[in-house]
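okay, here's the prediction I keep looking at, along with the sequence it came from:
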Amino acid sequence: MKKKIEKALKNVIIIDNKNIIESGLVKKIDLLNNEIIIHLNLSNPAMHLKNKLIKDITQSIRSQNISDTIRIKTETEIKSYTKIKPVIKNIIAVASGKGGVGKSTIATNIAVSLGHMGFHVGLLDADIYGPSIPLMFNIENKSARLQHKNGIINPITSYGVKILSIGFFSKYGQAIVWRGPMVTKVLRQFMHETNWGELDFLIVDLPPGTGDIHLSLLQEIPLKGIVIVSTSQKIALSDVNRSVGMFRIQSIYVPILGIIENMSYLSSKKTKEKCFFFGKNGVRDFSKEMNLFFLGEIPMLQKIREYSDLGIPVVLENENIRNIFLNITKNIINQLHE
Ligand code: ADP
C-alpha cells in the first residue's frame with residue numbers, strides 16, 4: 001500500500017521538474033484504518049499553490065485505485081530568521097511622484113552623507129522600474145559576487161555603504177516585469193535574509209509613483225518615514241500630490257519627514273544669475289499647501305550629473321555640494337525626532 005502511495009506521489013511534479021518526494025516536500029506518510037495521512041512541509045504557504053498541490057496529490061492517489069480516505073496535512077516550514085538578526089534602527093524611504101527628478105541621486109548622496117557623519121548605513125534599491133543605484137556606485141558588474149551563504153545575502157559595500165539592489169537580480173539592460181508577489185518575496189529576503197549587521201540607517205530607494213507595488217513595499221518594510229523628492233514643475237508636483245495621498249492613507253500611514261526641491265535653479269557661470277528652469281519655489285509653495293516640512297533645495301549642477309554618471313557619490317568630491325546634502329540630511333534626522 002505504502003509503495004503504491006509513494007508511486008502516486010512521485011507522479012506529482014512541482015515547479016522545477018522535481019516530484020514532491022525528491023524535493024523533500026513529503027515529510028511523512030501515515031496509514032491508519034482506511035485513512036491515509038500525508039504530511040507535507042511547505043515553504044511557500046501561498047493558498048492557490050497549496051490547494052493545487054492537494055488536488056494533484058488526491059487525484060494521483062485515486063488513480064492508483066485506492067479508495068481510502070485521504071487527508072493531507074500541511075505544515076509551513078518557518079524559515080528561521082534567527083540565523084541572522086539585523087538590527088536596523090531607522091528605515092527611511094526616498095520617494096517621488098515622477099521618474100527622473102533625482103530620487104536615486106539624492107538617496108545615494110544622503111546615504112553617503114550619513115556615513116560621513118559617522119553612522120552605519122545601508123542602501124536598498126527597491127526601484128523595480130529602473131534600479132540605478134548600482135550605476136551610481138559603479139558596482140553594476142559586481143552583482144555576480146553577491147554572496148549567498150546558507151541562503152543569506154551579503155550586501156555589497158561601496159564607499160562605506162552596504163548596498164543591495166533589485167537590479168543585482170537582473171542582467172544590465174534586461175527588462176523584468178516584477179509582479180506583486182515576486183516583489184514581496186524579494187523584499188522579504190532583503191529585509192530578513194540579508195546580512196545587514198547593525199545599521200543606524202537603511203535608506204530605501206522606492207519606485208516612482210503610486211501603485212500596488214508601493215503597497216506591498218510599505219507592508220513589507222517597517223519604515224520610520226518618507227522623504228519626497230520633486231522638481232518644481234507642475235506635472236511633477238501633481239504626481240507628488242498622489243504619493244502624499246497614498247502615504248497618508250490611514251491603513252498604511254507612514255510619516256512624511258519632508259520634501260526636497262531638486263534642480264531648483266541653474267546658475268549662469270558669468271552673471272551668477274539664477275534661471276528657474278522648472279519654475280520658482282514650486283516645491284516650497286507646495287510644501288506649505290500640503291503641510292509638509294521643506295527639507296531643502298538642491299540646484300541643478302553639472303557636477304552632480306557628471307559624478308552620478310561616473311558612479312561616484314558627488315558629496316565625496318565637492319565640498320559645496322557636500323554641505324548642501326549635509327544640511328538636508330541633518331534636517332531629515334531632526335524631523336525623525338519631531
Ligand atoms: P530618479 O531616481 O528620480 O529617476 P535620478 O536620480 O536617476 O532620478 O536622476 C536623473 C538624472 O538627473 C541623472 O542623470 C542625475 O545625474 C541627474 N540629476 C539629478 N539631480 C541633479 C541635479 N541636482 N543637478 C544635475 N543633475 C541632476
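Perfect, I can see it now.

count the neighbours of Leu42 for me.
Neighbourhood size, Leu42 [other CB atoms under 10 Å]: 15. For the C-beta atoms, the positions are set from N, CA and C on the backbone; glycine is no exception.

tell me what it is bridged to.
Beta-bridge partners for Leu42, by DSSP bridges, are Thr76.

correct me, but it touches Ile54?
No: in this structure Leu42 lies outside contact range of Ile54 using CB atoms under 8 Å: 10.5 Å.

residues of the stretch 1-150 of the chain that sit close to the ligand?
Ser96, Gly99, Gly100, Val101, Gly102, Lys103, Ser104, Thr105, Ser132 (CB under 6 Å from any ligand atom).

how near is the fourth one to Pro181?
Spelled out, that is Val101. Distance, Val101 to Pro181, using CB to CB, to the nearest Å: 29 Å.

in terms of neighbours, single out the busier of those two.
Each of Val101 and Pro181 has its neighbours counted (other CB under 10 Å); Val101 has more, 25 against 11.

quick check, pLDDT for Asp30.
With respect to pLDDT, Asp30 has a value of 91.

can you give me the helices for the stretch 51-200 of the chain?
103-116, 133-136, 180-192 (DSSP state H, counting those that start in this stretch).

ok, back up a step: common neighbours of Leu42 and Ile54, please.
Common neighbours of Leu42 and Ile54, counting by CB atoms under 8 Å, 6 or more residues apart in numbering, are Thr74.

center of this structure - which residue?
Centroid check for the chain by CA atoms, centre = their mean gives Ala126 as the closest residue, at 3.3 Å.

that one touches Ile166, doesn't it?
Yes: between Ala126 and Ile166 there is a contact under CB under 8 Å: 5.9 Å.

in the protein, where is pLDDT below threshold?
Low-confidence segments of the chain (pLDDT under 70): 15-17, 43-49, 76-85, 143-150, 170-180.

let me see the domain layout of it.
Structural domains annotated on the chain: 2-76, 87-336, as defined by automatic domain parsing.

pick the most buried one from these.
domain 87-336 (a mean of 18; mean count of other CB atoms under 10 Å).

what's the first-to-last distance across it?
18 Å (CA to CA, to the nearest Å).
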